[in-house]
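1. sharing a model that was predicted from the sequence below.
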Amino acid sequence: MGTRSLKQLTHSFRKNGHLGQRLRGLKDLAREAVMGLTRKPSRTTLTVLVTLLSVASLGASLGLTTTERAAVNTSYIKAVPTFIEIADTEPTLASSAFPPGSTTKVDSLPGVKASGILWDLQVHIRTNVAPLPSRVSPVEQSALSALAASPGLFSAAGSVFVAGSSFNAFDLHHNERVAIVGATAAKNLGINQESILAGQSVLLNGLPFTVMGVLQSVANEPSLMTSVIVPTTTAIQLFGRPKSGSQIDVLTQPGASALIAREVPVALHPYNPTRLQSLTYTAPVPEARQINNDLGSLLVVIGVVGLFVGLISIMSVMLITVLERKREIGIRRAIGASRTQIAVQFALESTAIGTVGGILGTVVGLFVVSIFSLSHHLVPVVDPSLVLPDPLIGSVIGLVAGAYPALKAAWFSPVQAITG
Amino acid sequence: MTLASTLHDPQEVLALSDVTKSYGPDPGKELLHLTDISFHRGDYVSIMGRSGSGKTTLLNLIGLLDLPTGGTITLNGADVSAMTDPERSRLRRDTLGFVFQAYNLIEDRNALDNVALALMYKGVSRNTRVAIGQEALAKVGLATHSHSQVNRLSGGERQRVAIARALASSPSVLLCDEPTGNLDLASARTFLNLLDRLNVQSMTIVVVTHDLEVASRASFGYEIIEGSLTRRF
């Protein structure tokens, strides 16, 4: 057993040693590649510039596609999704899905117009003019609910007030016992404009809340219409934290909802984004989708053509470089470089050009999208999943473009190469 | 252990058996046709011949830079014709050192980089490469020029850098192709004295030259006449 373990250990050391030597070899070849690139700085700079432009054209195309889609969707604003519900998928967990400051974080995301938190209070509802009007049936009574909400929720839900107004910062910070009542709930509870002015209260678990407003209608979150809504801070103080989960409602700029729906879970729970589930409402009308697809395809084709131009440019420059350095390749082969070592060195050179061009191209692409959007009064919409891989695309272009020149360099006969 | 390696003379470094080399479309037109010849450890051999006689071609074959059309070349008992390219590359960097008439240095790199380059391909660490490179440059009297760009050195200095590069790998065979062709008389003599010292340390040296003085320094002299090697001394 001991001998076997020792053998395994020895084998492991040998294996690692071999790997270490290979890594060192790769590092040495990378250093040679960098020295090769710095040999003709103007040529290297120009090649990087071409790669930069090709990656920038792709990045700008994708960015402009996303931005233009949002702009086109504005024409179909009623049918474009602008409302998202972010729900807690694990309400039984001890930690809150939406800790304090969550709505501030959501509001700070580009493309968000308003957001608010909401949860069910599960309390008994009465009015101080008890009993409830006789016309309210038991079924209608049970349909009434009490909710806790932050002020932003009313904006996110597209609320219109028939009387009074929404909560303000004072109500929130002083845990004021105030309530807003949906139109249906108000009707069932016998609340009207005069009774509000008279200081009518609603009793939640026997605790009085002054009615400060009545909702006439909501564009989103219809449950508000049948509810008595109190400030979140007051609700926590009097009834404790949410017992059956909570949700955040988000109103977005037209076209930004899909992106926001992906961003919010990551922004609030970067280590466990799957805890939150985003539900986006409504979908683009077919005409808008068709226009989007056509526009997107056109710009992507332009971007891909740009990439192809970049690829051909790197390949041409690398081929010229290989031919110019033929004698050097022969010298390296004569003193012991293998074909693989030669190929890897030149492939690393082209990959380095592609990577640097890719990184700079991504930055330039984002800049172009921003400038274009600002000059056309559009909201720049940039999807990270489309932008972040761009530097990698540069590296891949460099590698692919350098493959043929690298193989050509490796396959030179040492004698022919050294004699030029 | 194979029969071949059992029979191999441990002092024999290089052996050519019925080696031919042809160029162009006509395979029957041979530039070289060499019958059995072998070089041993510590041999100092000169090969002379007229321009175009095939001296450099022979050196390229011995140096594994080119493959023969026919026959067998054996280096340290191993048949190089049957080897793959990586095996030939490894043998080249472990066993052979080259000194060319045109120096064949990487011009825009410094002397130390050039000397250390061969060691890099052997997998030697950077610090060790620098130490060995500086030692090799010191041996050829260029310790103070280690960081000088090669294209700023004189012809004699460049040739010494080339020797330092060859020596850094501790080769068992040093192959020199017209090594004094671009040197003035004083530099040539310094170079030949250095070869003498290396030969005393049992290094096998093969020099291709058309210079009688260079050839006369060797222990054995050959001449290529019509593609065949003829012993002269």
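-> Perfect, thanks for sending it.
2. CA only for contacts and neighbour counts going forward, please
-> Will do.
3. residue 108 - how many residues pack around it?
-> Unless you meant another one, I'm taking chain A. If you count neighbours by other CA atoms under 10 Å in any protein chain shown, A:Ser108 ends up with 11.
4. actually it's chain B I care about, not the one you picked
-> Quick note: B:Asp108 (other CA under 10 Å) scores 14 neighbours.
5. hmm, it is touching B:Asn151, no?
-> Yes. At 6.4 Å, B:Asp108 and B:Asn151 qualify as touching, with contact defined as CA atoms under 8 Å.
6. quick check: which element contains A:Ile180?
-> For A:Ile180, the element it lies in under DSSP states H and E is strand A:178-181.
7. let's verify B:Val124: helix, strand, or coil?
-> Recorded secondary structure, B:Val124: coil (DSSP: H, G, I helix; E, B strand; the rest coil).
8. neighbours around it, how many?
-> Neighbours of B:Val124 (other CA under 10 Å): 18.
9. before we move on, what about the one 5 residues further on?
-> B:Arg129 has 23 neighbours, counted by other CA under 10 Å.
10. identify the residue nearest the residue of the stretch 101-250 of chain A found nearest chain B in space, chain neighbours excluded?
-> Closest residue of the stretch 101-250 of chain A to chain B, CA to the nearest CA: A:Leu109 (49.5 Å). Leaving aside its sequence neighbours, A:Leu109 sits nearest to A:Ile260 (CA to CA, 6 or more residues apart in numbering or on different chains; 7.7 Å).
11. give the contact list for B:Glu30.
-> By CA atoms under 8 Å, 6 or more residues apart in numbering or on different chains, the contact list for B:Glu30 reads B:20-23, B:227.
12. and these, which are buried?
-> For the contacts of B:Glu30, a burial check counting by 16 or more other CA atoms under 10 Å in any protein chain shown picks out B:20-22, B:227.
13. I'd like the average pLDDT over the helix or strand hosting the residue nearest to A:Leu109.
-> For A:Ile260, the element it lies in under DSSP H and E is helix A:257-268. The average pLDDT for helix A:257-268 rounds to 88.
14. what helices or strands is it leaning on?
-> Packing partners of helix A:257-268 (3 or more CA pairs under 8 Å, 6 or more residues apart in numbering or on different chains; DSSP states H and E): strand A:83-88, helix A:102-107, strand A:276-281.
15. what is the burial count for the residue of the stretch 101-250 of chain A closest to chain B?
-> There are 14 residues near A:Leu109, going by other CA under 10 Å.
16. next secondary structure element downstream of the longest helix anywhere in chain B?
-> Identified as the longest helix of chain B according to DSSP state H is helix B:185-200. The C-terminal neighbour of helix B:185-200 among helices and strands, as given by DSSP H and E, is strand B:204-208.
17. direction included, what does that next one pair up with?
-> Partners of strand B:204-208 in the sheet, by DSSP bridges, are strand B:44-48 (parallel), strand B:173-177 (parallel).
18. quick check: the residue of the stretch 301-420 of chain A nearest chain B.
-> A:Gly336 (4.2 Å).
19. check what pLDDT the closest residue to that residue other than its chain neighbours gets.
-> What sits nearest to A:Gly336 in space, not counting adjacent residues and going by CA to CA, 6+ apart, is B:Arg93, at 4.2 Å. Here the pLDDT value assigned to B:Arg93 is 88.
20. about what we covered before: and the strand holding A:Ile180, which strands flank it?
-> Here, using DSSP bridges, strand A:178-181 pairs with strand A:207-218 (parallel), strand A:227-231 (antiparallel).
21. enumerate every residue touching the spatially closest residue to A:Ala256 that is not a sequence neighbour.
-> Leaving out its chain neighbours, the residue that sits closest to A:Ala256 by CA to CA, 6+ apart is A:Gly111, at 5.8 Å. Counting by CA under 8 Å, 6+ apart, A:Gly111 touches A:252-253, A:256-257, A:260, A:379, A:381.
22. pull the longest strand from chain B.
-> Longest strand in chain B, counting residues (DSSP state E): strand B:12-22.
23. ok, and does it reach over to chain A?
-> No. Between strand B:12-22 and chain A, judged by CA under 8 Å from any CA of the partner chain, nothing touches; the nearest distance is 13.7 Å.
24. can I get that strand as CSV, trimmed to CA atoms?
-> Below are the C-alpha coordinates for strand B:12-22, written out as CSV (Å, rounded to 0.1, in the frame of the first residue of the first chain):
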residue,chain,number,x,y,z
GLU,B,12,31.7,6.9,-32.9
VAL,B,13,29.7,10.1,-33.0
LEU,B,14,28.6,10.4,-36.6
ALA,B,15,28.4,7.8,-39.4
LEU,B,16,27.2,8.1,-43.0
SER,B,17,26.4,5.0,-44.9
ASP,B,18,25.7,5.1,-48.7
VAL,B,19,24.2,8.6,-48.3
THR,B,20,22.9,10.2,-51.5
LYS,B,21,21.4,13.6,-52.1
SER,B,22,19.6,14.6,-55.2
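25. helices along chain B, start to end?
-> B:3-7, B:55-62, B:85-95, B:111-121, B:126-139, B:155-168, B:185-200, B:212-216.
26. rounded mean pLDDT for the longest one, please.
-> Read that as helix B:185-200. 89.
27. tell me the contacts of the residue in chain B positioned nearest to chain A?
-> Residue nearest to chain A within chain B: B:Arg93 (4.2 Å; CA to the nearest CA). Counting by CA under 8 Å, 6+ apart, B:Arg93 touches A:334-337, B:118, B:121-122, B:169, B:171.
28. and of those, the nearest to A:Thr210?
-> B:Tyr121 (84.4 Å; CA to CA).
29. tell me the contacts of the closest residue to the closest one other than its chain neighbours?
-> Distance criterion CA to CA, 6+ apart; nearest residue to B:Tyr121, sequence neighbours excluded, is A:Ala337 at 5.6 Å. When contacts are counted by CA under 8 Å, 6+ apart, A:Ala337 touches B:89, B:93, B:118, B:121.
30. isn't A:Gln177 right up against A:Phe209?
-> Actually, residue A:177 is Arg. It isn't Gln. Yes. Applying CA under 8 Å as the test, A:Arg177 and A:Phe209 come out as touching, 4.7 Å apart.
31. secondary structure element for A:Ala343?
-> Since the elements are taken from DSSP H and E, A:Ala343 ends up inside helix A:339-375.
32. does that helix reach chain B?
-> Yes. Using CA under 8 Å from any CA, helix A:339-375 reaches chain B at A:339, A:341.
33. buried residues, whatever helix or strand comes next after that helix. List them.
-> Sequence order places helix A:384-387 as the next helix or strand after helix A:339-375, per DSSP H and E. Going by neighbour count (16+ other CA under 10 Å), the buried part of helix A:384-387 is A:Val387.
34. need the residues of the stretch 1-150 of chain A near chain B, please.
-> Counting by CA under 8 Å from any CA, the stretch 1-150 of chain A sits next to chain B at A:21, A:24-25, A:28, A:39.
35. and those, which of them are buried?
-> Applying 16+ other CA under 10 Å to the residues of the stretch 1-150 of chain A next to chain B flags A:24-25, A:28 as buried.
36. quick one: neighbours of the residue nearest to A:His269 when sequence neighbours are not counted, just the number.
-> Using CA to CA, 6+ apart and skipping the chain neighbours, the partner closest in space to A:His269 is A:Arg275 (7.5 Å). Using other CA under 10 Å, the number of residues around A:Arg275 comes to 17.
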